[in-house]
Structures are given as structure tokens and as C-alpha cells.
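Chemist: Give the three-dimensional model of this entry:
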Amino acid sequence: MSKDSYHHGDLKSALVTAALAVVEQGGAEAVSLRELAAQLGVSRAAPYRHFADRDALLADVAARGFEDLAAGYEAALAGPGDGLDRLWEANRVYFAFAKLRPGLHKLMFESDFLERERPPAVLLAPADLAYRLLWRAVEGAFPTADEAWVKARTVTMWSTIYGFLALDGARRFKGFMVEPLDGADLAEAAMKAAIGSPPDS
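Modeler: Coordinates of the predicted model:
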């Protein structure tokens, strides 16, 4: 492909897709606009027509991650079974996302994007949607609960699962701690603890 031969709009998407692959291979710190331009066969200046800098590109990458996670939650909420079944499935979606796409998960949840005084605009809607879908899943599983209880359970549920994933990713669970349980057993146990019981039970 000749330099700058992408049609309008194609290069932006191609840059995000290529950056996603780099994030998974070497982490966000490995992303370079210059190297991506060379990989895609465009001039060094071409990426700057779509992204002001590397930070802006990574914000788009994180936004793509939240969009994918939200799509998984939407599929879980539209799935079979009752509300509790769908909540379990939503948590399985999150587990699978974090396990299969650890570099992207880290960028989404450990970067400072959403802590900034002015977070990247591209991130706000998909990040908000992903959280609200998880909140809806909790509401559906516990329909008699009030709003405060649902909010508290959503936060503590997510925190419990996130903490488990962080410890597991850091290989803090040694054999003597978990045997004869395997990874699937531990994941189910973590989700069961995170989802918990209905209010006043």
C-alpha cells in the first residue's frame, strides 16, 4: 500500500486496531505512532490527522475496549434464564474479557484517563454504558432491592471480582492455597462471593 493511500476514515480505524494488537503484545507503553505509521505503510505525519498524540490514540483504544465489554454485557442481559442467570453471565463476560485481553483491560481500568479533570470525550459514553449495564444486571437479579442497595452491590461485586483478577494475574494464589481447586473453580467461587445474597436474606 502506498503512503497515505487509506480512504478517509479508514486510517483512524486501522490505527486503533493496530494499537489494540500492540497493547496486547507489549502493553500500552509499547504503542508508538511512528511505528504504527510504518506498519500501516503511511507517512509519519498521517496518524496526526486523526490523533493529536499517542495519548489520544490510546484513549480511542480504551474506548473500543469499553464498547466491546458493553456489547458483551448487552448479550448477557438478552440471554436466557432469569435475572440471576443473566448477572452470572455478565460476570463471566467480564472475567473472560480480563483474562483474554489483559493489556486492554489494564489500559481501561488502570490508566488515569477517567480520573482527569477533563477525561477524553471519546471514553465517557462507552465507559458509562458498560457500568450502567452491569448495574442493570444487578437490578434484574435482585428486583426487590432499592436503588441504594443495588448501587452498593454493584460496586462491591465489581470490586471483589477486580481484586480477585488482580491477585490471580499477579500469581499470588499458590498451590497450597487453592488445591484441589482449578482456575474455573476459583473463578466461580469469586463470582459467587461477589454476587452474594438478596437483601435481607
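Chemist: Pull out the buried positions in stretch 189-201.
Modeler: 190-191, 194-195 (16 or more other CB atoms under 10 Å). Glycine gets a C-beta too; all of them are placed from N, C-alpha and C.
Chemist: So which other helices or strands are in contact with the helix or strand harbouring Ala184?
Modeler: For Ala184, the element it lies in under DSSP states H and E is helix 183-195. Helices and strands touching helix 183-195, by 3 or more CB pairs under 8 Å, 6 or more residues apart in numbering; DSSP states H and E, are helix 83-100, helix 147-169.
Chemist: Adding distance to Gly72, write those out as a markdown table.
Modeler: Shown next, in a markdown table, are the helices and strands packed on helix 183-195 (distance: least, CB to CB, whole Å):
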| stretch | distance to Gly72 |
| --- | --- |
| helix 83-100 | 4 |
| helix 147-169 | 14 |
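Chemist: pLDDT below threshold where in this structure?
Modeler: Scanning the chain for pLDDT under 70 picks out 1-9, 201.
Chemist: all helices of it, in order?
Modeler: Ranges of helices in the chain, per DSSP state H, are 10-26, 33-40, 54-77, 83-100, 102-110, 121-141, 147-169, 175-178, 183-195.
Chemist: residue contacts, the closest residue to Ala127 other than its chain neighbours?
Modeler: Excluding the flanking residues, the one nearest Ala127 by CB to CB, 6 or more residues apart in numbering is Phe66, at 4.8 Å. By CB atoms under 8 Å, 6 or more residues apart in numbering, the contact list for Phe66 reads 108, 123, 126-127, 129-130.
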